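Colleague: Below is the structure, and that's it, no one-letter string:
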């Protein structure tokens, strides 16, 4: 149990940890314990008594762990509000990243951070309220000289966060050496690039630590394995039940509009590669299908095609795309090649959405951004949600999106056409 708690980070409470973090880690912990308990007692008990026992054990364990962690969190916050269990902090630099960090560290006194101020070559532009300018880098060097002269001197600081440019390497190393001599922890804060927002995250390549401009959970092999396994199992079941539906839908399409049952169109997929996306044909055969997006009262749609688009029936053949590996159940919707070419020029981060496989449904679609994008801001919002999905993927997020998609079948969506 203690080993599991260690690996799922439920023992040590970080100062900026949220209740959501605690709940998620506790769920992983209890889930692991239930699986281990099942393996241990499976051959010592019959199935009839084992299942109820595991349900009671899992539920009780989750409640007990959550309550104990919340009480621990509350007790620590009370201590910190009284001035105990706190960390005294200095900032070095005038970069915007330090201003944002200051707001995070001091959003509430219960976090236990006390930021004394910052040293920099000059003052920040529009610094956060309460962040004091303590002096220049020369003033900081004078302070560090006093630290270096007397190892027993209490520096009055626990941590230093530095955002000095890399060109000033000597200044950075001067601070690092003084911190090591004075039992002060040193943290380097990556600088923010002006006019282009990036959330830098750290990765290890051999013996080198590098920064990347975004975290992508689906770059991890285990996460890709989980997602692909779910895609195969889910789509295989759907495709089996889809066979009789194809016959019925195909007959109706043929009766209402001459032409093929299926519509195949080139779309942009993973890593910007092109693939053939399958749909039930919902429009009369026309020459503009690859360039013109469907609109609400589009004259190209025949009656049953209009019904299929409103109920998403036309998307069902895309489960075959999932089996082939071109698509996933959940992901950014694949766009026409014409739209990729157009919006790739107009929206800076548009192509980032292609770091994940396109999906039959997606986060943008279940949060109100599906259908026609007649104005640029609509596509910008859709892309912003697609990128959020790429950076925040989890298996449970996929399940949540699937449930919200199923729910939309029973609630009319004015954007579905």
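Modeller: Everything's here; your move. Since the model is a prediction, treat every value here as computed from it, not as a measurement.
Colleague: make it CA atoms for all contacts and neighbour counts henceforth
Modeller: OK.
Colleague: So which residues of the stretch 201-350 of the chain form helices?
Modeller: With DSSP state H, counting those that start in this stretch as the criterion, the stretch 201-350 of the chain has helices at 221-256, 303-311, 318-324, 337-346.
Colleague: Can you tell me which helices and strands the shortest one packs against?
Modeller: What that stands for is helix 318-324. Under the contact criterion of 3 or more Cα pairs under 8 Å, 6 or more residues apart in numbering; DSSP states H and E, helix 318-324 touches helix 221-256, strand 274-280, strand 328-330.
Colleague: who touches residue 176 in this structure?
Modeller: Contacts for residue 176 (Cα atoms under 8 Å, 6 or more residues apart in numbering) come out as residue 186.
Colleague: For it, what is the enclosing helix or strand?
Modeller: According to DSSP states H and E, residue 176 maps onto helix 169-181.
Colleague: And the next helix or strand past that helix?
Modeller: Using DSSP H and E, the first helix or strand after helix 169-181 is strand 185-188.
Colleague: Reformat the helices and strands packed on helix 318-324 as CSV; add distance to residue 114.
Modeller: Shown next, in CSV, are the helices and strands packed on helix 318-324 (distance: least, Cα to Cα, whole Å):
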stretch, distance to residue 114
helix 221-256, 38
strand 274-280, 53
strand 328-330, 43
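Colleague: Tell me which of these is the most buried.
Modeller: When the helices and strands packed on helix 318-324 are scored by mean count of other Cα atoms under 10 Å, the highest mean neighbour count falls to strand 328-330 (a mean of 26).
Colleague: among the helices and strands packed on helix 318-324, which is nearest residue 360?
Modeller: The stretch from the helices and strands packed on helix 318-324 with the least distance to residue 360 (Cα to Cα) is strand 328-330; that distance is 5.2 Å.
Colleague: Which other helices and strands does that closest one contact?
Modeller: By 3+ Cα pairs under 8 Å, 6+ apart, strand 328-330 packs against helix 221-256, helix 318-324, strand 359-361, helix 395-408.
Colleague: ok, now which ones touch residue 272?
Modeller: 351, 354.
Colleague: Tell me the pLDDT of it.
Modeller: pLDDT, residue 272: 90.
Colleague: how close does it get to residue 392?
Modeller: Computed as Cα to Cα, to the nearest Å, the residue 272 to residue 392 distance reads 20 Å.
Colleague: Residue 305 now?
Modeller: In terms of Cα to Cα, residue 305 sits 35 Å off from residue 392.
Colleague: The two - which one has more neighbours?
Modeller: In this view residue 305 and residue 392 are compared by other Cα atoms under 10 Å, and residue 305 has more residues nearby, 24 against 13.
Colleague: Quick check: nearest residue in space to the more buried one, chain neighbours excluded?
Modeller: Leaving aside its chain neighbours, residue 305 sits nearest to residue 282 (3.7 Å; criterion: Cα to Cα, 6 or more residues apart in numbering).
Colleague: Make sure the one you found is actually in contact with residue 312.
Modeller: No. Between residue 282 and residue 312 there is no contact under Cα atoms under 8 Å: 10.6 Å.
Colleague: which of the two has more neighbours?
Modeller: Taking other Cα under 10 Å, residue 282 and residue 312 do not tie; residue 282 has more neighbours (23 against 19).
Colleague: residues contacting that one?
Modeller: Taking Cα under 8 Å, 6+ apart as the criterion, residue 282 is in contact with 253, 301, 302, 304, 305, 306, 308, 309, 314.
Colleague: comparing the helices of the stretch 201-350 of the chain, which gets the lowest mean pLDDT score?
Modeller: helix 303-311 - the lowest mean pLDDT of the helices of the stretch 201-350 of the chain, at a mean of 78.
Colleague: Same question for it: list its buried residues.
Modeller: 304, 305, 306, 307, 308, 309, 310, 311 (16 or more other Cα atoms under 10 Å).
Colleague: could the residues you listed go into a markdown table alongside distance to residue 151?
Modeller: Below are these laid out as a markdown table (distance: Cα to Cα, whole Å):
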| residue | distance to residue 151 |
| --- | --- |
| 304 | 82 |
| 305 | 79 |
| 306 | 78 |
| 307 | 78 |
| 308 | 76 |
| 309 | 73 |
| 310 | 73 |
| 311 | 73 |
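Colleague: per-domain residue ranges of this protein.
Modeller: What the TED database lists as the domains of the chain is 1-82, 87-198, 219-410.
Colleague: picking that back up, out of the helices and strands packed on helix 318-324, the one nearest residue 52 is which?
Modeller: Per Cα to Cα, nearest to residue 52 of these: helix 221-256, 26.8 Å.
Colleague: ok, back up a step: quick check: which of the helices and strands packed on helix 318-324 is nearest to residue 67?
Modeller: With Cα to Cα, the closest approach to residue 67 among the helices and strands packed on helix 318-324 belongs to helix 221-256: 29.9 Å.
Colleague: my guess is residue 355 meets residue 389, correct?
Modeller: No. Residue 355 lies out of contact with residue 389 (Cα under 8 Å); the separation is 10.4 Å.
Colleague: got the contact list for residue 219?
Modeller: Contacts of residue 219 (Cα under 8 Å, 6+ apart): none.
Colleague: Need the pLDDT of residue 411.
Modeller: 66.
Colleague: next one: residue 267
Modeller: 94.
Colleague: again, but for residue 212
Modeller: 78.
Colleague: next one: residue 357
Modeller: 96.
Colleague: Excluding covalently adjacent residues, which one is nearest to it?
Modeller: That would be residue 270: by Cα to Cα, 6+ apart, it lies 4.7 Å from residue 357.
Colleague: Quick check: the one you found touching residue 358?
Modeller: Yes. Assessed by Cα under 8 Å, residue 270 is found in contact with residue 358 at 6.7 Å.
Colleague: of the two, who's got more company?
Modeller: Each of residue 270 and residue 358 has its neighbours counted (other Cα under 10 Å); residue 358 has more, 25 against 17.
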